[in-house]
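Peer 1: Here is the input, now give the coordinates:
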Amino acid sequence: MNQPIKKKTRLPINGVLLLDKPVGWSSNDALIKAKRLLNAIKAGHTGTLDPFATGLLPLCFGEATKFSADLLDADKTYQTVVHLGVSTNTGDTEGEVIQTREVNVNEAQIHAVLEQFKGDILQVPPMYSALKRDGKPLYEYAREGITLEREARPVTIHLLEFVQYEAPFLTLNVRCSKGTYIRVLGEDIGNALGCGAHLNALRRTHVGHLILENTVTLDQLIEMSEEQRHALLAPVDALLSSFPEVTLNDELARRFLQGQRISLAKEEVLHPTELGRVRVYRQASDVVAKQLLGSAQLQEFSVLAPERLISTAN
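Peer 2: You can find the predicted model right below:
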């Protein structure tokens, strides 16, 4: 009689994996593959990266998933190649060509047009996007041949840097606010140049303070042992390192983990003077290292209001 196959027990792993997503993979498919390779119980990503795009995709495991939404609001940086003269219905290489025009531009004209897209701009979301109308993603309408009116939304282009132009390919570096569609930016630049455009390539290099140089590929993960994969995980507070730090003694830490608001003005606790989001730690002792407790809001009169708590810190 055949023995039943024993299911592998998933592990309560906590941390952040910086993945270099390959072209052709959806963010969710890459997450599922990494979760299986690390044998993790719980995992999530920090915002999608288009299948045709490559680059930095931070993946969160265990307790880190509580803070994944923080990177949704973070600035993103990309290097992109804009194919001038050819427009597609998706704004990238995955769509069908809908128009081809002659390209007759020089670098001086390109630099002049790029100036128009720096700073605060309005951008119309593309039909091929996951934004929903009446509970249905826009891309589903687009696949049915339906085009809906979309309101322009404000976004900020912090950096729009010319890298090189080898006709008809224009390479740019872009640092932008959340909600920016680089596909739309490429199309708008092409239209401003009078020739149309679509994205030929897109690579994300930064998400907030996280950088591409610290990433690992799926192929590299596959070749590693489970222990080596776990060793790659950054600590949970890698997602919070841009926030000021507050360190509490054992008693205050206990109260904080119970969800109590704490008046730091009454305690001998060093804390930032600027109000807003902070990361909170339990102080180190002779036997225990400094421990992340979660995040909080530092409010008026030095009141610390718990926000998201680490359940393993108790």
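
Peer 1: ok now do the nearest residue to Asn191 once chain neighbours are set aside, which residues does it touch?
Peer 2: Closest residue to Asn191 apart from its sequence neighbours, by CB to CB, 6 or more residues apart in numbering: Ala197 at 7.5 Å. C-betas here are computed from N, CA, C, even on glycine. Contacts of Ala197 were listed using CB atoms under 8 Å, 6 or more residues apart in numbering, and they are Val82, His83, Leu84, Gly85, Val86, Ser87, Leu170, Gly186, Glu187, Ile189, Gly190, Asn191.

Peer 1: mind redoing it with 7 Å?
Peer 2: Shown in contact with Ala197 (CB atoms under 7 Å, 6 or more residues apart in numbering): Val82, His83, Leu84, Ser87, Gly186, Glu187, Ile189, Gly190.

Peer 1: so how far is Arg183 from the second one?
Peer 2: Taken as CB to CB, to the nearest Å, the spacing of His83 relative to Arg183 amounts to 12 Å.

Peer 1: out of the two, which sits in the more crowded spot?
Peer 2: Arg183 (25 against 21; other CB atoms under 10 Å).

Peer 1: In terms of helix, strand or coil, where does that one fall?
Peer 2: helix (DSSP: H, G, I helix; E, B strand; the rest coil).

Peer 1: Make sure it is actually in contact with Thr93.
Peer 2: No. If you go by CB atoms under 7 Å, Arg183 and Thr93 don't touch, sitting 10.3 Å apart.

Peer 1: and Leu221, how far is that from Leu59?
Peer 2: When distance is defined by CB to CB, Leu221 is 11 Å away from Leu59.

Peer 1: Which one's more surrounded, those two?
Peer 2: Leu59 (25 against 17).

Peer 1: For the more buried one, which phi and psi angles does the backbone take?
Peer 2: phi -110, psi 130 (degrees, to the nearest 10).

Peer 1: which phi and psi does the closest residue to it other than its chain neighbours have?
Peer 2: Excluding the flanking residues, the one nearest Leu59 by CB to CB, 6+ apart is Leu17, at 4.5 Å. Reported as degrees, to the nearest 10, the phi and psi values for Leu17 are phi -110, psi 130.

Peer 1: Leu17: neighbour count?
Peer 2: For Leu17, using other CB under 10 Å, the count is 27.
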